[in-house]
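Chemist: Compute the structure for the input listed below.
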Amino acid sequence: MSGHDTPIPMTARNSGPLSGTAQIPGDKSISHRSLILGAMAVGETRVTGLLEGQDVLDTAKAMRAFGAEVTRHAPGEWSVHGVGVGGFGEPADVIDCGNSGTGVRLIMGAMATTAMTATFTGDASLRKRPMGRVTDPLSLFGTQAYGRAGGRLPMTVIGAADPVPVRYTVPVPSAQVKSAVLLAGLNAPGETVVIEKEPTRDHSERMLRGFGAELSVEKTAEGHVITLVGRPELRPQTVAVPRDPSSAAFPVCAALLVEGSDILVPGVSQNPTRNGLYTTLVEMGADIAFDNPREEGGEPVADLRVRFTGTLKGIEVPPARAASMIDEYPILSVVAANATGTTVMRGVKELRVKESDRIDAMARGLEACGVRVEEDEDTLIVHGMGPGGVPGGATCATHIDHRIAMSFMVLGLAAQQPVSIDDGSPIATSFPAFEGLMQALGAEMERQAV
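Modeler: Residues are numbered from 1 along each chain as shown. Sure thing, here's the model as predicted:
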């Protein structure tokens with residue numbers, strides 16, 4: 001799929017059984033981090049299975065702009081010749097991070113404790129997203145940031161010439177904020193400490209240790225206390241990127257909703273800080289087998305066998321689970337619309353400041369398709385209509401958000417009438433193979449003539 005310049009209207013319609021094997025692309029979170037940490041190591045890091053979505057490609061370009069040598073050798077196979085902790089050079093031009101909140105926030109952290117100036121921008125969606133949640137803790141190191149009203153891009157960040165170590169409690173669960181502070185702490189003297197009241201995805205901690213950083217995690221009355229010793233020499237690594245559980249969610253959920261479906265989704269990350277959706281689906285009655293559990297690239301993975309049962313039931317999703325499935329609530333709301341009974345999702349206010357206001361986007365689209373929805377600032381409630389009960393027949397706005405676009409495409413596969421979206425081009429940011437992969441499984445979806 002293309003970028004965001006030209007909208008790609010798409011339609012999905014009621015489909016026959018989905019079958020076959022869904023080869024999901026590499027994990028987006030780990031792909032970003034492998035490039036950034038590779039650029040901060042000394043020597044050559046080799047990466048296999050890298051996600052080649054636009055978000056990750058924009059991070060690769062940014063690492064080149066800071067002085068690392070980043071080379072693509074074959075599909076998914078890349079190398080990064082790093083410049084070492086504190087070795088970034090000042091970029092000659094503005095860093096455009098496209099649609100990627102993860103990319104821009106992690107890169108800001110990585111350069112925040114090096115004496116240089118960099119200016120960041122992104123697409124229309126990213127320019128609406130708040131950066132203060134990252135620049136505020138980075139300022140504790142001595143970093144300065146100047147952006148638009150509300151702490152929004154474009155933003156110029158001036159790295160701290162004499163950074164100091166930081167002790168910071170993350171106010172809301174956010175792996176991006178935690179990771180940005182840890183990356184900044186790499187070039188600060190002494191110990192940088194990050195405290196999480198609720199644990200979030202731990203890819204940064206795992207990968208920092210793998211690259212040779214001295215990092216410990218302790219569970220205390222304050223929460224998870226992560227301590228990083230600054231000024232290490234990071235060692236280059238060979239990183240095998242596991243398959244992305246957030247991308248796998250779309251074919252998995254489609255198979256649960258389309259009658260007669262039976263698919264295999266191999267090698268999906270089962271990191272416990274990322275598998276909240278799969279726990280929730282099983283609680284709803286989903287038929288998912290987690291076969292051949294193993295470890296790849298330091299991450300637990302399994303092959304998922306997914307079958308339609310037609311017996312999904314609405315549940316109340318614990319708020320404490322939100323951090324482990326924050327990106328999956330849009331597709332979960334589609335599953336909830338096809339379940340029997342009501343699904344209550346609380347503790348989800350973080351969805352308001354993603355690529356779009358995902359609570360509002362899903363609520364409006366589901367309502368347009370005939371589903372009854374309730375919402376408040378921190379809650380989304382979907383009243384299920386049972387298997388095949390969603391009327392459909394609407395065109396839903398994606399708001400330049402890849403997960404909203406893919407969620408409504410899945411909705412259309414099980415709805416009574418076709419469901420369309422105004423623009424499928426954002427899908428390229430995280431899952432460029434989505435359309436072809438779903439069609440190969442038997443999904444009825446296509447682009448509309450414009």
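
Chemist: Leu332 versus the closest residue to Trp78 other than its chain neighbours, what's the distance?
Modeler: Take Trp78 and drop its neighbours on the chain: the residue closest to it by C-beta to C-beta, 6 or more residues apart in numbering is Val47, 4.6 Å away. (Each C-beta comes from the backbone N, C-alpha and C, glycine too.) For Val47, the distance to Leu332 (C-beta to C-beta, to the nearest Å) stands at 30 Å.

Chemist: picking up where we left off before, so what's the residue nearest to Trp78 up against?
Modeler: Residues in contact with Val47 (C-beta atoms under 8 Å, 6 or more residues apart in numbering) are 31, 34-35, 38, 77-80, 238-239, 241.

Chemist: how about stretch 97-113 as CSV, C-alpha atoms only?
Modeler: Presented in CSV, the C-alpha positions along stretch 97-113 are these (Å, rounded to 0.1, in the frame of the first residue of the first chain):
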residue,chain,number,x,y,z
CYS,A,97,9.0,10.5,11.5
GLY,A,98,5.9,10.1,9.3
ASN,A,99,3.1,8.6,11.3
SER,A,100,5.2,7.0,14.1
GLY,A,101,4.7,8.1,17.7
THR,A,102,7.0,5.3,18.8
GLY,A,103,9.7,6.4,16.4
VAL,A,104,9.7,10.1,17.2
ARG,A,105,9.5,9.6,21.0
LEU,A,106,12.3,7.0,21.2
ILE,A,107,14.6,8.9,18.8
MET,A,108,14.1,12.1,21.0
GLY,A,109,15.2,10.0,24.0
ALA,A,110,18.2,8.6,22.2
MET,A,111,19.6,12.0,21.3
ALA,A,112,18.4,13.9,24.3
THR,A,113,21.6,13.6,26.3
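
Chemist: sec struct for the residue nearest to Trp78, please.
Modeler: Using DSSP: H, G, I helix; E, B strand; the rest coil, the three-state assignment for Val47 comes out as strand.

Chemist: Dig out what it forms beta bridges with.
Modeler: Applying DSSP bridges to Val47 gives these bridge partners: Trp78, Val239.

Chemist: Quick one, grab the pLDDT at it.
Modeler: Val47 is assigned a pLDDT of 97 by the prediction.

Chemist: Equivalent analysis for Ala68, please.
Modeler: 98.

Chemist: Excluding chain neighbours, what is closest to it?
Modeler: With C-beta to C-beta, 6+ apart as the measure, Ala39 is the residue that lies nearest to Ala68, at 3.6 Å, once sequence neighbours are left out.

Chemist: for that neighbour, what are its contacts?
Modeler: Taking C-beta under 8 Å, 6+ apart, we find Ala39 in contact with 63, 66-68, 70, 80, 82-83, 88, 110.

Chemist: Those in strands, which ones?
Modeler: In strands, judged by DSSP state E, the following of the contacts of Ala39 are found: 70, 80, 82-83.

Chemist: Mind putting those residues into TSV with distance to Gly98?
Modeler: TSV is the format used below for the ones in strands among the contacts of Ala39 (distance: C-beta to C-beta, whole Å):
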residue	distance to Gly98
Val70	16
Val80	19
Gly82	23
Val83	23
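
Chemist: Phe431: which of these is nearest?
Modeler: For the ones in strands among the contacts of Ala39, the minimum distance to Phe431 (C-beta to C-beta) is 21.7 Å, reached by Val70.

Chemist: Quick check: Ile381 touching Gly341?
Modeler: No: using C-beta atoms under 8 Å, Ile381 and Gly341 do not qualify as a contacting pair, with a distance of 11.3 Å.

Chemist: Next up, the contacts around the residue of the chain most remote from its centre.
Modeler: Outermost residue of the chain with respect to the C-alpha centroid, by C-alpha atoms, centre = their mean, is Asp162; its distance is 32.6 Å. By C-beta under 8 Å, 6+ apart, Asp162 lies in contact with Gly142.

Chemist: Just say helix, strand or coil for it.
Modeler: Following three-state DSSP, we place Asp162 in the coil state.

Chemist: how much space between it and Leu234?
Modeler: Taken as C-beta to C-beta, the span from Asp162 to Leu234 is 21 Å.

Chemist: Under the pLDDT cut-off, which ranges of the stretch 251-400 of the chain? List them.
Modeler: The model of the stretch 251-400 of the chain has pLDDT under 70 over residues 297.

Chemist: change it to 50
Modeler: Regions of the stretch 251-400 of the chain meeting the criterion pLDDT under 50 are absent.

Chemist: re earlier: between the contacts of Val47, identify the one with the most neighbours.
Modeler: Using other C-beta atoms under 10 Å as the neighbour definition, these reach their maximum at Ser34, which records 33 neighbours.

Chemist: Make sure that residue is actually in contact with Gly49.
Modeler: No: with contact defined as C-beta under 8 Å, Ser34 does not count as touching Gly49 (9.4 Å).

Chemist: what sits in contact with each of these two?
Modeler: Residues touching both Ser34 and Gly49 by C-beta under 8 Å, 6+ apart: Val241.

Chemist: So what's the residue count around Glu374?
Modeler: Glu374 is surrounded by 12 other residues when neighbours are defined as other C-beta under 10 Å.
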